[in-house]
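**Student:** I would like the atomic coordinates for the input below:
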Amino acid sequence: MISKIFIIANDGVLCYSKSFFGSEQKDNEIINFLTSITHVGKTVGLGEIKSLNFTNLKVIYTYDDNQYLYIITTDIDDPEEEVRDKLELIKIEFDNQFHDQLKKWNGKAKQFTEFDRFTESHILIPPKILLAGEDGVGKSSIMDLFPGETILELDDDMNEIIQKAINLPNLEGINEFILREVNLRELNNYSKIYKTLLDSADIICIVTNSGAGNLSRTKQLFSELRQKTNKADFFIIANFQDLLNTSFEPEKISESFSIKTFGFSAVRADAKDIIYKIISTILKISIIDKIENKYNHFV
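**Tutor:** Below you'll find the model as predicted:
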């Protein structure tokens, strides 16, 4: 996930910054650190820095003709090519919008705050959540609880992907996420074919019907799939919790799978509200809190 954007003048003064995630308390320290490294690289004749990789974060640089510095910080696992395309887009649009102001800039950054409208609508890459489960466990029922058109697309490997772009107005930092649906057995058995889908997923929600038979099969498929993924966080949505005589409690399922489990029943009258709360909690745990922790240990 792209978390921060910085645009810095050639004299080291900050023109524009945008934090999608992560506290802004350390931004000045981060900027000083990143510009200092750039200065040292040029001083010792190493040229311009293109990117820096840290344990959990990646920093992508680019420069314009006036030696303004454009920086994006993102997750270490995010494809650099995709992030760099976004960075080039920022550079082009910033110059288009503020070319005249930059020529006579007085060092005050407030005049560039309107650039937020562009970065918020064009730069933030929505997190991708994969609903994976066997047939009949309620994946489609969960998809149908969210408004909007269900779209059938092709990924880079020409696999059909069922997905929705869903607005999330009440979660700070994330206004939208992409929800995708796939059969867990096919995803597991043909993981090489679904490589692009797996690699692009930020979160994989395993959907189960909470009964003993399905839980047993799902646990085996989950164990195999987990070894084939290295980026996504896993959660379980235990559907059919309304079947009290046959369903296992979420706490028991969580203990068995060793991952956080959310109980759910798609037939409840308030199912839509509940699934929004579940997804919001998952995004906060997997995206917002994790990024915040990364920046707490950055400098």
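
**Student:** in a helix, residue 15, correct?
**Tutor:** No - secondary structure of residue 15 (DSSP: H, G, I helix; E, B strand; the rest coil): strand, not part of a helix.

**Student:** what's the closest non-adjacent residue to residue 128?
**Tutor:** Distances taken as Cβ to Cβ, 6 or more residues apart in numbering put residue 178 closest to residue 128, at 4.6 Å, once the chain neighbours are dropped. In short, each C-beta sits where N, CA and C put it, glycine included.

**Student:** right, and the one you found touches residue 130 too?
**Tutor:** No - contact between residue 178 and residue 130 fails when scored by Cβ atoms under 8 Å: they sit 9.3 Å apart.

**Student:** show me which of those two is the more surrounded one.
**Tutor:** Between residue 178 and residue 130, counting by other Cβ atoms under 10 Å, residue 130 is the more crowded of the two (26 against 19).

**Student:** what bridges to that one?
**Tutor:** Counting by DSSP bridges, residue 130 is bridged to residue 180, residue 204.

**Student:** hmm, residue 128 is touching residue 174, no?
**Tutor:** No - with contacts counted by Cβ under 8 Å, residue 128 stays clear of residue 174, the gap being 11.8 Å.

**Student:** tell me which of the two has more neighbours.
**Tutor:** residue 174 (21 against 17).

**Student:** so which residue is dead centre in the chain?
**Tutor:** The centroid of the chain falls nearest to residue 127 when counting by Cα atoms, centre = their mean (3.3 Å).

**Student:** related to what we said a few turns ago, can you pull the contacts of the residue nearest to residue 128?
**Tutor:** By Cβ atoms under 8 Å, 6 or more residues apart in numbering, the contact list for residue 178 reads 126-129, 163-166.

**Student:** now with 7 Å?
**Tutor:** For residue 178, the contact set (Cβ atoms under 7 Å, 6 or more residues apart in numbering) comprises 126, 128-129, 163, 165.

**Student:** which among these gets closest to residue 199?
**Tutor:** residue 128 (10.2 Å; Cβ to Cβ).

**Student:** quick check: the closest one touching residue 204?
**Tutor:** No - between residue 128 and residue 204 there is no contact under Cβ atoms under 7 Å: 9.6 Å.
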